[in-house]
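Participant: Pasting a predicted model and its sequence here:
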Amino acid sequence: MSEAEPTASAKPNPLKRREIIEALRVGAVPRRGLELFAVGLERFEKTIDEELASTAAGRGRFKAVRGEYGTGKTFFSRWLEHRARDQGFATTLVQISETDTPLYRMETVYRRAVQSLQTSEWSDGAFRSLIDRWFYNLEDEVLGAGGVDANDAEAAAKAVGELLEQRLASVSATQPQFAAALRRAHTARVRGEHAIGEGLVAWLMGQPNVGSTAKRAADLKGELDDRGAAGFFRGLLEVLRQTGRKGLVLVLDEVETIQRVRADSREKSLNALRGLIDDLTAGHYPSMYVLITGTPQFFTGPQGVQRSTPLAQRLHTDFDPNGFDNPKAVQIRLKPFDLQRMQQVGLRVRDLYPTEHEVRMRERLTEEVIESLAIGVAGKLGGKVGIAPRILLKKLVDICDKIDEYAEYDPRAHSEVVLDGAELTDEERATAGVARSVDDIALDIDTPSGGELQ
């Protein structure tokens, strides 16, 4: 992306601008519009587009992004998702967590992936909408062929079911229940059996505890397990292809949490990650692009990738000491924000702020004021500019709010940077060496010998 400011004609509508600012106001990454203030990702654009094109052609791709806290791994992931959706992909982001979504439980990863599925048309409920569209397309194709009476619902449902089986033949070979559930879900739709249809779609989404009535209707056995998840992913990819998507971008975020789990769980997770890379390379997941994010410690430390020699070999990348990194490598690294990039992002956010006082906003929130703010935030963080760009943007939006609200407000005269440690995440505090409160001070409390705490 060019580092020039967005032109007036390129400026998004007020609703989208408000959505962006509201997310930044609470220190979150916006779900949409990242391309409008992405700075420093230009060097990855060409390679990412080439990799997405090869994925759309049927390849499975894998990419790892490494960076310290504050370098923008989540931002990069969302930026890639946005770029992929614009090019016709479905996307989904799954946060890896030992308690909720362990990496070695592929059935849970699948369930979270389907729950978070997005397309250019649907940001919520995309899976159900895609299933509805697929059924409609199949019906339209069957009726358009002229061999079935449109008034004979049962005959039409049977013909659609047979066509569905043909389209899912490769999936049925490894996961026949996926195709069976889809076929019966369509029949339920034709017959008006709403509860059965909804139950079967929930089962296809990997939801546990689906009612026995719905499962009996399609002769389904048990719940989705780790072995079945691979077939379900292939089924999802086929549904996406049949509905005009170019493929699926799956982001596995916060993979570094693997380092903090029990040894047996860690080994299983690392092995699952190695298996996923091998399956993508072998073509078992055509048109799926998997991106993982992690800290440098995850890739190089003793509790991460290096514990699995086969995985370490697959992810090994030589980073150039002079900064000439290869964007096509399996692993890429993000660099911390510097003062110049912070200023560029600040200016873009200022110009996105929805206000009726644009002249006042530009006059009061100048490039020099944004620079001073960035320096001030960095000073509160031990001079480390790149630790928490989200904090700068949160402070910046607060200043924009005041300029918009008060005609007499001037940040050069009325503002100072006040940073409470409670605003930072645990990782940001640890990196900056900032205490959150008195409770964060480690106290050495010894129990008297032989005594008990009263």
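Facilitator: Everything's here; your move. Everything numeric here is computed off the predicted structure, so don't read it as measured data. Numbering: from 1, shown residues only.
Participant: Could you use CA atoms for every contact and neighbour count after this?
Facilitator: OK.
Participant: so residue 331 makes contact with residue 318?
Facilitator: No: with contacts counted by Cα atoms under 8 Å, residue 331 stays clear of residue 318, the gap being 9.0 Å.
Participant: Could you check which of those two is surrounded by more residues?
Facilitator: residue 331 (23 against 11; other Cα atoms under 10 Å).
Participant: The more buried one pairs with what?
Facilitator: Beta-bridge partners recorded for residue 331 (DSSP bridges): residue 64.
Participant: Identify the residues contacting it.
Facilitator: Residues in contact with residue 331 (Cα atoms under 8 Å, 6 or more residues apart in numbering) are 63, 64, 65, 66, 315, 316, 317.
Participant: Before we move on, what's the pLDDT of residue 191?
Facilitator: Residue 191 carries a pLDDT value of 86.
Participant: Any figure for the gap between it and residue 138?
Facilitator: As judged by Cα to Cα, to the nearest Å, residue 191 and residue 138 stand 16 Å apart.
Participant: In terms of neighbours, single out the busier of these two.
Facilitator: Counted by other Cα under 10 Å, residue 191 and residue 138 do not tie: residue 138 has more neighbours, with 21 against 13.
Participant: quick one, what contacts that one?
Facilitator: 160, 163, 164.
Participant: What ranges does the stretch 1-150 of the chain have for its helices?
Facilitator: Remark: helices assigned in the stretch 1-150 of the chain by DSSP state H, counting those that start in this stretch are 14-25, 42-56, 73-86, 106-115, 126-145.
Participant: Highest mean neighbour count out of those helices?
Facilitator: helix 106-115 (a mean of 23; mean count of other Cα atoms under 10 Å).
Participant: Please name every helix or strand in contact with that helix.
Facilitator: strand 90-95, helix 226-242 (3 or more Cα pairs under 8 Å, 6 or more residues apart in numbering; DSSP states H and E).
Participant: What segments of the stretch 301-450 of the chain are strands?
Facilitator: For the stretch 301-450 of the chain, the strands defined by DSSP state E, counting those that start in this stretch occupy 331-333.
Participant: What distance do you get for the residue nearest to residue 185 when sequence neighbours are not counted to residue 314?
Facilitator: Sequence neighbours aside, residue 197 is the residue nearest to residue 185 in space, at 4.6 Å (criterion: Cα to Cα, 6 or more residues apart in numbering). When Cα to Cα is the yardstick, residue 197 and residue 314 sit 43 Å from each other.
Participant: Equivalent analysis for residue 23, please.
Facilitator: From residue 23 to residue 314 the distance is 37 Å (Cα to Cα).
Participant: List the contacts of the nearest residue to residue 396 once chain neighbours are set aside.
Facilitator: Spatially, and ignoring its direct neighbours in sequence, residue 396 is nearest to residue 346 (7.2 Å; Cα to Cα, 6+ apart). Residue 346 makes contact with 370, 393, 396, according to Cα under 8 Å, 6+ apart.
Participant: now, among those, which is nearest to residue 123?
Facilitator: The shortest approach to residue 123 among the contacts of residue 346 belongs to residue 393, at 24.6 Å (Cα to Cα).
Participant: any idea of the pLDDT on that closest one?
Facilitator: The confidence metric pLDDT takes the value 87 at residue 393.
Participant: just to revisit the earlier point, look at residue 197 and residue 314 and report which has more neighbours.
Facilitator: Higher neighbour count among residue 197 and residue 314: residue 197, with 23 against 14, using other Cα under 10 Å.
Participant: my guess is that one contacts residue 189, does it?
Facilitator: Yes: counting by Cα under 8 Å, residue 197 touches residue 189, with 6.1 Å between them.
Participant: for the stretch 301-450 of the chain, what spans make up the helices?
Facilitator: Using DSSP H, counting those that start in this stretch, the helices of the stretch 301-450 of the chain run over 309-315, 339-352, 358-364, 367-380, 389-405, 411-414, 426-432.
Participant: Next, work out how far apart residue 15 and residue 173 are.
Facilitator: Distance of residue 15 to residue 173, computed by Cα to Cα: 47 Å.
Participant: Over to residue 185?
Facilitator: 20 Å.
Participant: out of those two, which sits in the busier spot?
Facilitator: Between residue 185 and residue 173, counted using other Cα under 10 Å, the more crowded position is residue 185 (28 against 11).
Participant: Touching, residue 148 and residue 155? I think so.
Facilitator: Yes: using Cα under 8 Å, residue 148 makes contact with residue 155 at a distance of 6.8 Å.
Participant: So these two - more neighbours on which side?
Facilitator: More neighbours surround residue 148 than the other of residue 148 and residue 155, with 16 against 13 (other Cα under 10 Å).
Participant: State the distance from the closest residue to that one other than its chain neighbours to residue 191.
Facilitator: In space, and not counting its chain neighbours, residue 148 is closest to residue 156: 6.2 Å by Cα to Cα, 6+ apart. The spacing between residue 156 and residue 191, counted by Cα to Cα, is 11 Å.
Participant: likewise residue 265?
Facilitator: Applying Cα to Cα, the value for residue 265 to residue 191 is 46 Å.
Participant: Ok, residue 236 next?
Facilitator: Separation of residue 236 from residue 191 (Cα to Cα): 24 Å.
Participant: Over to residue 292?
Facilitator: 43 Å.
Participant: Residues in a beta bridge with the residue positioned nearest the centre of the chain, which ones?
Facilitator: With distances taken as Cα atoms, centre = their mean, residue 93 lies nearest the centre of the chain, 2.9 Å away. In this entry, residue 93 is beta-bridged to residue 251, by DSSP bridges.
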